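J.: fold the following.
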Amino acid sequence: MGALSNTHAIELINHSLRNSTVYLALYINEPGADASGTEVSGTGYGRVAITLGLPTVVGGKATSSNTNAVNFGTAGSAWGTVSYWAIYDSSSGGQMLWYGAFSRSKTVEINDSVVVAIGELDVTLS
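T.: Sure thing, here's the model as predicted:
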């Protein structure tokens with residue numbers, strides 16, 4: 001069985017997430033590798049452009065985190081319980097590139113703000 005080198009893992013993160021604009025999407029359930037989960041929908045929701053920092057090797061794994069707070073604004077309707085995230089190559093439609101779970105879920109009611117704090121979102125390759 002083969003494995004990625006740290007150098008190549010860093011190159012892959014840079015290529016897939018740092019060479020063009022990518023967008024963070026919120027999910028109610030796990031998107032899965034086939035993007036079949038349920039993306040949030042509701043008044044005021046839309047994917048938001050995200051910036052990820054230079055990958056570093058942490059614990060033998062190439063890791064990159066968001067370098068800015070990602071502000072989804074104020075919910076104009078209830079969005080449900082957000083537990084997962086996905087990164088896409090487009091602000092709507094497009095291809096899902098990465099996905100994962102938040103460390104804690106948030107039930108989004110009308111007039112709630114949704115902000116992903118700096119460093120809260122990590123992508124990792126090993």
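
J.: excluding its backbone neighbours, what's nearest Q95?
T.: D89 (5.0 Å; Cβ to Cβ, 6 or more residues apart in numbering). Where C-beta positions appear, they are placed from N, C-alpha and C, glycine not excepted.

J.: do you know how far the one you found is from A25?
T.: 11 Å (Cβ to Cβ, to the nearest Å).

J.: from F72, how far out is the residue nearest to Q95?
T.: In terms of Cβ to Cβ, D89 sits 19 Å off from F72.

J.: and those two? Which one has more around it.
T.: The neighbour count for D89 versus F72, taken as other Cβ atoms under 10 Å, is higher for F72 (22 against 15).

J.: helices along this protein, start to end?
T.: Counting by DSSP state H, one finds helices in the chain at the ranges 6-13.

J.: OK, contacts around the residue nearest to Q95?
T.: Residues in contact with D89 (Cβ atoms under 8 Å, 6 or more residues apart in numbering) are 20, 22-23, 95, 97.

J.: point out the least confident one among the residues you listed.
T.: Ranked by pLDDT, those bottom out at S20, which has 92.

J.: ok, and the closest non-adjacent residue to that residue?
T.: In space, and not counting its chain neighbours, S20 is closest to D89: 7.0 Å by Cβ to Cβ, 6+ apart.

J.: and the one you found, its phi and psi?
T.: phi -90, psi 10 (degrees, to the nearest 10).

J.: that one and K106, how far apart?
T.: 25 Å.

J.: any idea of the pLDDT on the residue lying farthest from the centre of the chain?
T.: When distances are taken from the C-alpha mean of the chain, M1 lies farthest, 28.8 Å away, according to Cα atoms, centre = their mean. pLDDT for M1: 74.

J.: perfect, that will be all.
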